[in-house]
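Asker: Requesting a structural model of the entry that follows:
(one chain, ligands or ions: 1)
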Amino acid sequence: MPARYRGVEMAIFPIRTFGDPVLRTPAEPVDDITNALERLVDDMFETMYDAPGVGLAAPQIGVSKRIFVADIGEGPFVMINPEIVATSGEWAYEEGCLSVPGKWWEIERAGFARARGLDLDGSEVVYEGEELMGRLLQHEVDHLDGMLLIERLPRRIKKQALRELRDEALGLRTAD
Ligand SMILES: [Zn+2]
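Answerer: You can find the predicted model right below:
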């Protein structure tokens with residue numbers, strides 16, 4: 001998800017955007033936490049803060065593994081193999097995605113979400129919250145299931161959004 005603050009400038013990965021098949025592919029579970037994985041997580045944080053964003057899933061930099069990093073202003077955290085284990089309520093919110101740059105849609109999701117996964121030590125961690133935290137957890141786990149936020153739009157709005165994105169990709173229309 002995009003943010004509106006600026007992080008420290010460091011080495012970054014290009015962020016994959018709408019149309020890239022990696023974004024539609026369910027990511028593979030992580031079965032071993034290696035040094036290479038720790039390095040990947042560092043790079044994901046750097047890429048996320050540079051964008052700037054509040055969350056980034058590994059497929060967004062072309063790595064089809066079940067990992068995301070996030071910081072909604074309460075400190076950075078990483079989740080490996082996260083699963084949504086509880087949701088409740090409903091909340092409509094203008095949502096964006098670094099992989100669909102410059103676009104925002106009002107999307108209804110659960111207001112509260114709880115996710116369980118692992119940290120970089122392999123220990124179980126649980127993150128949960130209302131509003132932005134709940135939204136972030138649902139958005140990032142969707143990425144790991146190969147789903148972009150457009151899939152969460154009502155049918156008619158989704159068709160229109162897809163048409164706009166395809167026209168822009170073909171150069172028939174200019175992005176805002
Ligand atoms: Zn996203």
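
Asker: Low-confidence stretches in the chain?
Answerer: In the predicted model, the chain carries pLDDT under 70 at residues 1-11, 173-176.

Asker: Swap in 50 and give it another go.
Answerer: Within the chain, the stretches with pLDDT under 50 are 4-9.

Asker: hey, where'd the helices end up in this structure?
Answerer: Applying DSSP state H to the chain gives helices spanning 35-50, 131-144, 155-169.

Asker: Centre-most residue in this protein?
Answerer: Glu140 (3.7 Å; C-alpha atoms, centre = their mean).

Asker: Could you report the distance from that one to Ile157?
Answerer: For Glu140, the distance to Ile157 equals 22 Å [C-beta to C-beta, to the nearest Å]. Glycine gets a C-beta too; all of them are placed from N, C-alpha and C.

Asker: Can you name every helix or strand that the biggest strand by length in the chain contacts?
Answerer: Criterion DSSP state E: the longest strand present in the chain is strand 77-88. Other helices and strands packing on strand 77-88, by 3 or more C-beta pairs under 8 Å, 6 or more residues apart in numbering; DSSP states H and E, are helix 35-50, strand 67-70, strand 112-118, strand 124-130, helix 131-144.

Asker: looking at these, which is buried most?
Answerer: Using mean count of other C-beta atoms under 10 Å, the stretch among the helices and strands packed on strand 77-88 with the largest mean neighbour count is strand 67-70, at a mean of 26.
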